[in-house]
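# here is my input, please return the structure:
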Amino acid sequence: MAAMFVTIVSVSLSGWHLYTAGFGLHNEIEHRAIHLSVVLGLCFLVFPRQKALPGIWEWIVPTLLGVFYMLLAWWLVDELGSDLDPVTSWIFMGVVLLISVLAMPFKALDGSHTHIPLRDWFFAVVASGFSLYLIVFFQDIFIDRPGDHTSIDLMIGVLAIIMVVEVTRRTMGVFLPLLAVAVVLYGIFGPYLPGDLAHRGYSVPRVVAHLYKGTEGIYGIPVGVVATFVFHFVLFGIMAQLTGLGQLFVDLATIAAGRFSGGPAKVSVVSSGLFGMISGSPIANTVTTGVMTIPMMKRVGFPARFSGGVEAAASCGGQVTPPIMGAASFIMAETLGIPYSTLVLIAIIPAAMHYLAILLMVHFEARRLRLKGMDPADIPDAWKVLKASWHLFIPLLVMVTLLLMQYTPFLAAFWGIILCIVCSWIPKFLGQYGRTMAGTPITPRGLIIGFEMGAKTALGIGAACACVGFVLGIMTLTGMGFKFSSFVLNLSETVALGVKGFDFLNLLDMKQLTIFFGLLFTAVACIVMGAGVPTTPTYIILASIVAPTLAQLDVPQLSTHLFVFYFGVLADVTPPVALAAFAAAGIARSEPMRTGMTAFRLSMGKALVPFAFVYTPALLFVDFTWSAFLVAFFGMVVALTGLAAAYTGYFGRKISWPIFIVLNVLCISLVFGNPVVTAVAAPIVVLIMMWLWRNRDNHDDVQPQVQTV
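As a prediction, this is how the structure comes out:
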């Protein structure tokens, strides 16, 4: 019964989003509130209570959060004073205490193991209730008394904060909820903080009202983008997958790359890039294509950890690959105020660089292991594949065309979803000829399955974005972003001055050094904060507090946001919490941490590309000149080739440590796009590579017997 209820609600949520995408949205607050009321309620019913922390920490974290909940409720009751009826205050405190107790890792009180515990139903009702309150009393709250906050408004606002923290802890782990609690406390205790961190402080009612009512907290831009853009594209990716588009991408990748040395690994890279264009989720991409490509890589001789690393690194590229990219890209377009179609075009060159780096590393590794390509008998015939599956391209082509024609992303997704359903029936309509065609018709049962999967896939993103709203809300209230920016800027200038002190020949520019260290500290912060946290909230937080810093250094805004975006994606393959790599390790049956390190090494190109488009915005078509673009493009191709060989440790022969160090220094210098440096360093890198190849091992072209790993 509970499963049927979850299915009905999930399908209804997807159906409602599809309807609003095609026939018009509600007003801003109401639309976001409807979305969150269903999403947060479903999170408690869909995500089981899992032991996410070791040992005693499983109890310490919920205990600390429970103390915070009780203190927040008590502070509100205390500040409201005589405005609050004593009976109401006791009921309110009792509800908060009940939530705090039920959030502890006790076994289900009703002894349930195979169905949803009663406490999760209670949480679901409370989590849905605070948004439903805004919907039901919308006229009274936002029209009749805007800016006037009643005691009931504020108490429900406290419950909203508590439930958002709880639902994020359940879906995303502990880091993001603890960060949210920290920024709420920062907003309250500002006067008591030291140095530049201090601010005038705000009362609990003011903080609660700011986060709960309006569009700068829980119902801020992140939730708005998820409710209007992201959900629709997640649903499109699920529906496209049901039609067989994922298998088509694997077949096309096999045709394009399967016959070359180490073919299955190149198939993994290409197919993950193609499927990532429509999925936008690194973990979903890893699992979907990895079940096919990882066993193929192992069969031709790649080690298990390398096979998993290739799949994870390639799958993470889907978040930066047009036309759909990841959820953060929609928020970026909204934040920067540029059409999404423009962002899609801008992202083409950086995404191509990322996949070039992975393909080069895969190729060099295959040559080092002297592996064959795939058996020609296992490679599909291109004409037969296209003849059987041409109809599966129609939804994707129509959607991309609408995006490029400046139609809204949610309208493009609407027609993409509709056409996925319609086009899946083309083989059936074509009768006898249709029997030779690929794909699966989306029946009413398939439609229900797809809508349910789409809703469940988007739940975690919605919860995380609601929690990130705390950070954005407190930042606008206290000016926290500017304080952090000043700190990063001062630290960068201090380190740059220290380095400049050793520049006896006066070769280094102080401003460029400051920019470099500012970017370096930002990259480290992205990777640290992105550990176990989805790219979207990582991007939102860091773009909000870092963008002002780099803006003071005259870094273009677009470059700044893409820089943070790329390093947020890199966190998915960066140990110790590399979620995509761990998912691939499960399929490859390899050690997760070693797989994560391999995936991180394979993603080194993604780590260099952001520095390149900061120093040479022409790669993003900002301040574009052909000379700057070509110098930077040529320099990056040479740099990625040299580093791919260096980090593989092989280019026709084993690379020694001195050559490894020289290649690193020269290739990294090419990232800065300086014409003089490129003119000197690039030829040296090419000469080193030519020397390595000329003195390659004599047995380089010998193909050993393939063994299954």
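# the stretch 1-150 of the chain: strands as residue ranges?
Counting by DSSP state E, counting those that start in this stretch, the stretch 1-150 of the chain has no strands at all.
# any regions of it where pLDDT drops low?
49-55, 108-114 (pLDDT under 70).
# please repeat the previous calculation with a cut-off of 90.
1-3, 20-31, 47-62, 80-86, 103-119, 138-139, 141-149 (pLDDT under 90).
# and the stretch 351-500 of the chain, by the same measure?
Along the stretch 351-500 of the chain, the model assigns pLDDT under 90 to residues 351-393, 395-413, 416, 424-443, 446, 453-454, 456-469, 471-494, 496-497, 499-500.
# which residue sits farthest out from the middle of the protein?
Here the centre of the chain is the reference, and by C-alpha atoms, centre = their mean the most remote residue is residue 82, at 46.6 Å.
# from what I see, residue 372 and residue 260 are in contact.
No. With contact defined as C-beta atoms under 8 Å, residue 372 does not reach residue 260; the gap is 9.5 Å. Where you see a C-beta, it was placed from the backbone N, CA and C, and this is true even at glycine.
# what's the burial count for residue 198?
When neighbours are counted by other C-beta atoms under 10 Å, residue 198 registers 14.
# cool, and residue 491?
If you count neighbours by other C-beta under 10 Å, residue 491 ends up with 15.
# now swap in the one 5 residues further on and tell me
Look at residue 496: counted by other C-beta under 10 Å, it has 21 neighbours.
# pull the residues that contact the helix or strand where it lies.
If you go by DSSP states H and E, residue 496 is part of helix 480-500. In this structure, residues lying in contact with helix 480-500 by C-beta atoms under 8 Å, 6 or more residues apart in numbering are 183, 186, 196-197, 199, 474-475, 508, 510, 513-518, 521-522, 544-546, 548-549, 552-553.
# narrow these to just the buried residues.
The neighbour count (16 or more other C-beta atoms under 10 Å) marks 183, 186, 199, 474-475, 513-518, 521-522, 544-546, 548-549, 553 as buried among those.
# OK, contacts around the spatially most central residue of the chain?
Geometric centre of the chain, nearest residue: residue 535, 2.9 Å, by C-alpha atoms, centre = their mean. Each residue near residue 535 by C-beta under 8 Å, 6+ apart is listed here: 282, 319, 326-328, 565, 568-569, 571-572.
# swap in 6 Å and give it another go.
By C-beta atoms under 6 Å, 6 or more residues apart in numbering, the residues touching residue 535 are 319, 326, 328, 568-569.
# may I ask which of these comes out lowest in pLDDT?
pLDDT is lowest at residue 326 among these; the value there is 69.
# the residue nearest to residue 141 when sequence neighbours are not counted: neighbour count?
Leaving aside its sequence neighbours, residue 141 sits nearest to residue 134 (C-beta to C-beta, 6 or more residues apart in numbering; 6.4 Å). Neighbour count of residue 134, defined by other C-beta under 10 Å: 24.
# pretty sure residue 134 sits against residue 33.
Yes. Between residue 134 and residue 33 a contact is recorded at 4.7 Å, counting by C-beta atoms under 6 Å.
# hey, what's in contact with both of these two?
Counting by C-beta under 6 Å, 6+ apart, residue 134 and residue 33 have no shared contacts at all.
# one step back: ok, the residue farthest from the centre of the chain to residue 152 distance?
According to C-beta to C-beta, to the nearest Å, residue 82 and residue 152 sit 16 Å apart.
# what does residue 674 give?
Counting by C-beta to C-beta - residue 674 and residue 152 are separated by 62 Å.
# repeat that for residue 608.
54 Å.
# quick one, which of the two is more surrounded?
Neighbours were counted for residue 608 and for residue 152 using other C-beta under 10 Å; residue 608 has more, 21 against 13.
# which parts of the stretch 151-300 of the chain are helices?
Using DSSP state H, counting those that start in this stretch, the helices of the stretch 151-300 of the chain run over residues 151-172, 175-188, 204-212, 221-225, 231-243, 245-257, 263-279, 282-300.
# can you name the residues in contact with the helix or strand following the last one?
Heading C-terminal from helix 282-300, the first helix or strand you meet, by DSSP H and E, is helix 304-316. Under the criterion C-beta under 6 Å, 6+ apart, residues 265, 268-269, 272, 282, 285-286, 290, 293-294, 297-298, 358, 569, 572-573, 580-581, 584-585, 588-590, 594-595, 598-599, 602-603, 709 lie in contact with helix 304-316.
# longest helix anywhere in this structure?
Secondary structure assigned by DSSP state H gives helix 444-478 as the longest helix of the chain.
# what's the angle from it to helix 151-172?
Counting by axes from the mean of the first three to the mean of the last three C-alpha atoms, to 10 degrees, helix 444-478 lies at 120 degrees to helix 151-172.
# got the angle for helix 444-478 vs helix 480-500?
If you take the same axes, to 10 degrees, helix 444-478 sits at 80 degrees to helix 480-500.
# ok now helix 444-478, how far from the chain's centre?
Here the centre of helix 444-478 is set off from its chain's centre by 12 Å, with C-alpha atoms, centre = their mean, to the nearest Å.
# check which residues of that helix are buried.
By neighbour count on 16+ other C-beta under 10 Å, the buried set for helix 444-478 is 446-475, 477-478.
# kindly report the same for stretch 599-615.
Within stretch 599-615, the residues scored as buried using 16+ other C-beta under 10 Å are 599-600, 602-615.
# now residue 650: phi and psi?
According to degrees, to the nearest 10, the main-chain angles of residue 650 amount to phi -160, psi 130.
# ok, residue 503 next?
Dihedral angles (degrees, to the nearest 10) for residue 503: phi -90, psi 80.
# can you give me the distance of it to residue 512?
12 Å.
# swap in residue 395?
46 Å.
# tell me which of these two has more neighbours.
A side-by-side neighbour count of residue 395 and residue 512, using other C-beta under 10 Å, places residue 395 first with 26 against 14.
# number of nearby residues for the closest residue to the more buried one other than its chain neighbours?
For residue 395, ignoring the flanking residues on the chain, the nearest one in space by C-beta to C-beta, 6+ apart is residue 419 at 3.9 Å. Counted with other C-beta under 10 Å, the neighbours of residue 419 add up to 21.
# now do residue 97
For residue 97, using other C-beta under 10 Å, the count is 14.
# chain neighbours aside, what residue packs nearest to it?
residue 70 (6.5 Å).
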